[in-house]
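Predicted model and sequence follow; I will ask about them next.
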Amino acid sequence: MKTKEQIKNTGATFTPKELAVFLAERIALYAQPKNNRVLDPACGEGELLVAMGEVMNEKIIDFSLTGYDADKQYLSFAKDRLLRFGNEKFDLAHEDFLLSVDVSSVGNTPSLFDECTSSVNNSFDIVIANPPYVRTQILGTEQAQNLARKFNLKGRVDLYYPFLMAMTESLKENGILGVITSNRYLSTKSGESVRKYLSENYEILELIDLGDTKLFDAAVLPAIFIGKKKKQKSASSANFIKIYEELNGYKGKLISVEFVYDILKNNQSGYFVTTNGKRYKKSSGTLKYKVGSTTCWEMLSKNESEWIAKIDKATKNRVEDFFKVKVGIKSTADKVFISDKWEELNGTKPEDELLKELISQENIEPWNATDNFQLKVLYPHISVNGEKQTVDIEKYPKAKRYFTQHEEKLKGRKYLIDAGRQWFELWVPHRPDQWKYPKLVFPDISLKPRFYFDNGGKIVNGNCYWIVATKDEDVEKLMLIQGIANSKLMTKYHDLVFNNKLYSGRRRYFTQYVEKYPLPDFKSEKSKEIIAIVKKLNQIKDETKISKLENQLEILVAESFGVEPVFSLD
């Protein structure tokens, strides 16, 4: 039996029976009545194939089942389970599906000696799948390089992407694909190629974002894609469902159901509560996307879409028009460079000149930070005439002695050495001359917006992003951004437009999102009033006064975009 660690390393995540049946029922709606050849390219113990067979039996739809898996033990279990349909109804292949498909037609140039000899291509009417989610790099160098060559992949790629391409090649024209993947491709920059590929090769039928429902044991948030293989020139009319655990304190009516699956099958949208007390928000509508475009797919209800449109229409600029958002420093050896216990080193403590106060995500709130910045970074970089240089370590004997104690770990960062850098440097130190300027700092992951204004010259940790104002006239722009970004209105906008939450309501504040935040006219009276309130908020710590000012801020932010204030998130 496979251990949990082995399963994790291969990306295998077995589909729960209820989810398998749900997906099979959705796919069956689009199946032809006779001769359906069904494929699961990574069938594991056969849960999806069993579900597909049982649903088709129930609906009196003719079928045969084919499963591929590289693990013989999984296939043995699958065979025992599929025998209920009769030997003639299924076929299992102990092969790596990705190596069995000819993908020369998807952009690769085959050699003169290559021929399309695969019996898999254009053979199946239905593909049902929950392919592995791991990065190709985890597979090992040789296998990752082989996949990259075969599927024309570049950079860090999730394994489900080559599976999507291979599954597409295995389908007949007008065949149906129903697949469970990570939902990351829906809203991230790294998902651009997946969105483009799916929109070009499928008439999209349904998209179901399962969010943080924890329907099965996987580190990623899942989504279901159902489409008909067809070269597309224009977008199809596709329905979406989006379901997330409700954590914003909604006080209205709740629809009672027994399980999460009852919410998925319910025709209503709204707020639900299950028998175990979990609360969920479900929204649905028409998916909006452009064929061949890399832009994010829009999953908004009619009212949500109209609200976003109003804000976008009133937008004068985006953050990216004024600033670049940067991630903080990266040491790739944090235990060596970052500590709040430098004083305990006594005689082996590096020189104070190289120990810099560090802003980290645990330090900051929207309008203030912890007073005692004990967290410091050993920063061996200086600015000389505006240019970044590494310190002469011979001038800092204590730091040299400290680094030498950790020499093996630091020199193990081969990529740094290969780049011609000194072994005791930070991997990403940024420009040392920029830390002195006013900056806006915010965490990468947070339950709520925490855009903090720093005017103390502190360094920013790699778990945060920062925006720096190197000119005096840009400081108030930072404060306008801080006021907008910390508002509930912008939190709602962020959730609707970027749709990228993690488990338990935590949000991601990627560069690509924050740079797209809308801003009103910087010179308008409303903007000046927002900046005035932000200046007050940055100077006080009294919670009652902060709450009162935040309410005023919400009203001003809403008025600047021509919409109603958002005092609570729903």
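Now that the structure is in, tell me what you want to look at. The model shown is predicted, which means the values in this text are computed figures rather than measured ones.

For the stretch 1-150 of the chain, which residues score under the pLDDT cut-off?
For the stretch 1-150 of the chain, the stretches with pLDDT under 70 are 1-13, 106-117, 133-146, 148.

show me where it has strands.
Taking DSSP state E, counting those that start in this stretch as the test, the strands found in the stretch 1-150 of the chain are 36-40, 63-68, 90-93, 124-129.

who does the second one touch, helix- and strand-wise?
Same thing as strand 63-68. Applying 3 or more CB pairs under 8 Å, 6 or more residues apart in numbering; DSSP states H and E, one finds that strand 63-68 contacts strand 36-40, helix 47-58, helix 72-82, strand 90-93. To be clear about C-beta, it is placed using only N, CA and C from the backbone, and glycine gets the same treatment.

Same question for the third one.
Counting contacts by 3+ CB pairs under 8 Å, 6+ apart, strand 90-93 packs against strand 63-68, helix 72-82.

hmm, who's touching stretch 545-559?
Contacts to stretch 545-559, defined as CB atoms under 8 Å, 6 or more residues apart in numbering, come from residues 367, 483-484, 486-490, 526, 529-530, 533-534, 536-537, 540, 564-567.

Tell me which of the helices and strands packed on strand 63-68 sits nearest to residue 224.
Evaluated over the helices and strands packed on strand 63-68, closeness to residue 224 peaks at helix 47-58, with 11.8 Å, by CB to CB.

That closest one: which residues count as buried?
Using 16 or more other CB atoms under 10 Å as the test for burial, helix 47-58 gives 47, 48, 49, 50, 51, 52, 53, 54, 55, 56.

cool, stretch 393-402 as well?
Of all the residues in stretch 393-402, those buried under the rule 16+ other CB under 10 Å are 393, 396, 399, 400, 402.

Need the phi and psi values for the last one.
Yep, that's residue 402 we're talking about. phi -60, psi -50 (degrees, to the nearest 10).

In contact with it, which residues?
By CB under 8 Å, 6+ apart, the contact list for residue 402 reads 345, 348, 349, 350, 378.

Equivalent analysis for residue 38, please.
When contacts are counted by CB under 8 Å, 6+ apart, residue 38 touches 49, 52-53, 56, 63-66, 124-128.

next one: residue 295
Going by CB under 8 Å, 6+ apart, residue 295 touches 195, 289.

Try it again at 10 Å.
Residue 295 sits next to 192, 195, 196, 288, 289 when contact means CB atoms under 10 Å, 6 or more residues apart in numbering.

Please check those residues and keep the buried ones.
The neighbour count (16+ other CB under 10 Å) marks 195, 196, 289 as buried among the contacts of residue 295.

Need these in TSV (columns: distance to residue 17 and pLDDT).
Shown next, in TSV, are the buried ones among the contacts of residue 295 (distance: CB to CB, whole Å; pLDDT from 0 to 100):
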residue	distance to residue 17	pLDDT
195	30	92
196	34	92
289	32	90
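
can I get those in TSV with secondary structure?
As requested, the buried ones among the contacts of residue 295 are exported to TSV (DSSP: H, G, I helix; E, B strand; the rest coil):
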residue	secondary structure
195	helix
196	helix
289	coil
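
from those, which is closest to residue 477?
Nearest to residue 477 among those is residue 195, at 32.1 Å by CB to CB.

pretty sure that closest one contacts residue 185?
Yes. If you go by CB atoms under 10 Å, residue 195 and residue 185 touch, sitting 6.1 Å apart.

residues shared between the contacts of those two?
Joint contacts of residue 195 and residue 185 (CB under 10 Å, 6+ apart) are 296, 297.

if I look at the residue lying closest to residue 569 once chain neighbours are set aside, how far off is residue 254?
Take residue 569 and drop its neighbours on the chain: the residue closest to it by CB to CB, 6 or more residues apart in numbering is residue 248, 3.9 Å away. Counting by CB to CB, to the nearest Å, the gap from residue 248 to residue 254 is 14 Å.

Ok, residue 491 next?
Residue 491 sits 22 Å away from residue 254, going by CB to CB.

what's the answer for residue 59, then?
Residue 59 is 33 Å from residue 254, by CB to CB.

Then residue 567?
Taken as CB to CB, the span from residue 567 to residue 254 is 21 Å.

Please go through the chain and pick out the longest helix.
In terms of residue count, the longest helix belonging to the chain (DSSP state H) is helix 543-561.

so what pLDDT did the spatially most central residue of the chain get?
With distances taken as CA atoms, centre = their mean, the residue of the chain nearest its centroid is residue 184 (4.2 Å). Confidence at residue 184, expressed as pLDDT, is 86.

wait, it sits on residue 498?
No. The pair residue 184 / residue 498 is not scored as a contact, 11.8 Å apart, by CB under 10 Å.

which residues do these two both contact?
residue 508.

In the sheet, which strands lie alongside the helix or strand harbouring residue 272, parallel or antiparallel?
Secondary structure from DSSP states H and E places residue 272 in strand 270-273. Using DSSP bridges, strand 270-273 pairs in its sheet with strand 255-256 (parallel), strand 279-287 (antiparallel).

Could you identify the helix or strand that succeeds the first one?
Using DSSP H and E, the helix or strand that directly follows strand 255-256 along the chain is helix 260-265.

Ok, the longest one next?
Toward the C-terminus, strand 279-287 is succeeded by helix 302-314 as the next helix or strand (DSSP H and E).

Which other helices and strands does whichever helix or strand comes after that next one contact?
Sequence order places strand 317-318 as the next helix or strand after helix 302-314, per DSSP H and E. For strand 317-318, the packing partners by 3 or more CB pairs under 10 Å, 6 or more residues apart in numbering; DSSP states H and E come out as strand 518-519.

Please report the distance of the closest residue in space to residue 505 that isn't next to it in sequence from residue 506.
Spatial nearest neighbour of residue 505, excluding adjacent residues (CB to CB, 6+ apart): residue 247 at 3.7 Å. Residue 247 sits 9 Å away from residue 506, going by CB to CB.

which neighbours do those two share?
Going by CB under 10 Å, 6+ apart, residues that sit against residue 247 and also against residue 506 are 212, 447.

measure stretch 52-63 end to end?
Counting by CA to CA, to the nearest Å, you get 9 Å between the two ends of stretch 52-63.

ok, residues contacting that stretch?
Contacts to stretch 52-63, defined as CB under 10 Å, 6+ apart, come from residues 20-29, 31-40, 46, 49, 64-65, 81-82, 84-86, 89-90, 125-126, 128, 178.

Could you pick out the buried ones from the residues you listed?
If we count by 16+ other CB under 10 Å, the contacts of stretch 52-63 have these buried: 20-28, 31, 36-40, 46, 49, 64-65, 82, 85, 89-90, 125-126, 128, 178.

what residue ranges in the stretch 151-300 of the chain score low on pLDDT?
Along the stretch 151-300 of the chain, segments meeting pLDDT under 70 span 154-158, 217-219.

again, 80 this time
151-160, 216-220, 247-249 (pLDDT under 80).

The longest strand along the chain: which residues count as buried?
Secondary structure assigned by DSSP state E gives strand 171-182 as the longest strand of the chain. Neighbour-count burial for strand 171-182 flags 171, 175, 176, 177, 178, 179, 180, 181, 182 (criterion: 16+ other CB under 10 Å).

go on, stretch 317-326?
Buried residues in stretch 317-326, defined by neighbour count with 16+ other CB under 10 Å: 319, 322, 323, 325, 326.

okay if I get these as CSV plus distance to residue 258, secondary structure and pLDDT?
Shown next, in CSV, are those (distance: CB to CB, whole Å; DSSP: H, G, I helix; E, B strand; the rest coil; pLDDT from 0 to 100):
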residue, distance to residue 258, secondary structure, pLDDT
319, 44, helix, 98
322, 51, coil, 97
323, 49, coil, 97
325, 44, coil, 97
326, 48, strand, 96
